[in-house]
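>>> Model the structure of this input:
(one chain, ligands or ions: 1)
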Amino acid sequence: MDAKIRLYVDHPLGAGQSVPLDRGQAHYLFGVMRQSVGGAVLLFNGREGEWRATIAQANKRAGVLECDVQTKPLQLPPDLWLCFAPIKKARTDFIVEKAAEMGAARIVPMQTEFTNSGRIQRDRLAAHAVEAAEQCGGTFVPEVAEMQRFGSIMDGWDPARRIMFCDEALSTSRAAPLLAGATGPWAIFVGPEGGFSERERNKLRGLDHATAVSLGPRILRADTAVVAAMTLWQQALGDWG
Ligand code: SAH
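Residues are numbered from 1 along each chain as shown. Just a heads-up that it's a prediction; the model follows:
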């Protein structure tokens, strides 16, 4: 039988490996998806690719799967971080989901001067990243970092990681063909609804390893800006080519 359901598990995968399911996964697989013993599922853990597994035990609150064969090798995304300022809850969820789908290696919530919310629910955001990977056929799940202040992110920054600074002040200028050829680690910076402050903008503009970019002549909402910026980056330097 062809396996259609993809599940992320935090457990080693390999030929003959047994994988226990937690309560939520058992509920999803057996209660919601109506799977039973003998059924096939695709598993990935973010480290060992994707494996086809057979359901060996199925109970309401638990279950065991057994790995058969590897169906995909681990495919790592390019070394691209997304540093973004969290906005309203549903839009922040959207940003994490889209960043995982679009191929971010790491997602860093960043508290800027005009960031609307001072807290994030990291577990909830991480669950959105997992769901996105399950859904888009990915074998990797980007880490969602703890929220950090813009200043401390900048203080600890490795200049070998270049910054694509999405600067709404450039919305009047033409989108620059800036990225071409600059391979290596990168991070995209997208500000909150209120934009970056003057101080933050000056800080970023003064860095040799940061490039300010325009995302076109309209001011985009932060969630739209994330998708647009990742599209540009993936097209120029990422794994879309
Ligand atoms: N309130 C701000 C807009 C913030 S938009 C203002 O009116 O100026 C949220 C974030 O999306 C910005 O901080 C920027 O990082 C990004 N962004 C939106 N539109 C953009 C554009 N046209 N060019 C570059 N970045 C953009």
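>>> wait, R119 sits on L125?
No - if you go by Cβ atoms under 8 Å, R119 and L125 don't touch, sitting 11.4 Å apart. The C-beta positions use only the backbone N, C-alpha and C, and glycine is treated the same way.
>>> who has more neighbours, these two?
L125 (23 against 9; other Cβ atoms under 10 Å).
>>> what about the more buried one, distance to the ligand?
18 Å (Cβ to the nearest ligand atom, to the nearest Å).
>>> What residues does that residue make contact with?
By Cβ atoms under 8 Å, 6 or more residues apart in numbering, L125 lies in contact with 92-93, 96, 107, 109, 144.
>>> State the next helix or strand along the chain beyond the helix or strand bottoming out on mean pLDDT in the chain.
Lowest by mean pLDDT, DSSP states H and E among the helices and strands of the chain is strand 210-213, with a mean of 92. Using DSSP states H and E, the helix or strand that follows strand 210-213 towards the C-terminus is helix 222-237.
>>> residues in contact with stretch 88-100?
82, 84, 86-87, 107, 109, 116-117, 120, 124-125, 128-129, 131-133, 136, 138, 141-142, 144, 221-223, 226-227, 230.
>>> mean confidence score for it?
In this model, stretch 88-100 carries a mean pLDDT of 96.
>>> Next, the buried residues of it.
91-100 (16 or more other Cβ atoms under 10 Å).
>>> residues in contact with whatever residue of the chain ends up closest to the ligand?
The chain approaches the ligand most closely through G191 (2.4 Å), counting by Cβ to the nearest ligand atom. Neighbouring residues of G191 by Cβ under 8 Å, 6+ apart: 85, 112, 114, 166, 168, 200, 222.
>>> Can you tell me which of the contacts of L125 is closest to L204?
Of all these, L204 sits closest to P109, with 17.4 Å by Cβ to Cβ.
>>> what residue lies at the spatial centre of this structure?
The chain has A100 as the residue nearest its centroid, 2.8 Å off, counting by Cα atoms, centre = their mean.
>>> What strand or helix carries it?
Going by DSSP H and E, A100 is part of helix 89-102.
>>> Could you do F165 as well?
Going by DSSP H and E, F165 is part of strand 162-166.
>>> wait, does that strand make contact with the ligand?
Yes - using Cβ under 6 Å from any ligand atom, strand 162-166 reaches the ligand at C166.
>>> Adjacent strands (with direction) for the next helix or strand after that strand?
Next helix or strand after strand 162-166 toward the C-terminus (DSSP H and E): strand 186-190. Strand 186-190 sits in its sheet next to strand 80-84 (parallel), strand 162-166 (parallel), going by DSSP bridges.
>>> Could you chop the protein up by domain?
6-72, 80-237 (automatic domain parsing).
>>> which one of those has the lowest average pLDDT?
Across the domains of the chain, the lowest-scoring stretch is domain 80-237, with a mean of 93.
>>> start to end distance for it?
End-to-end span of domain 80-237 (Cα to Cα, to the nearest Å): 10 Å.
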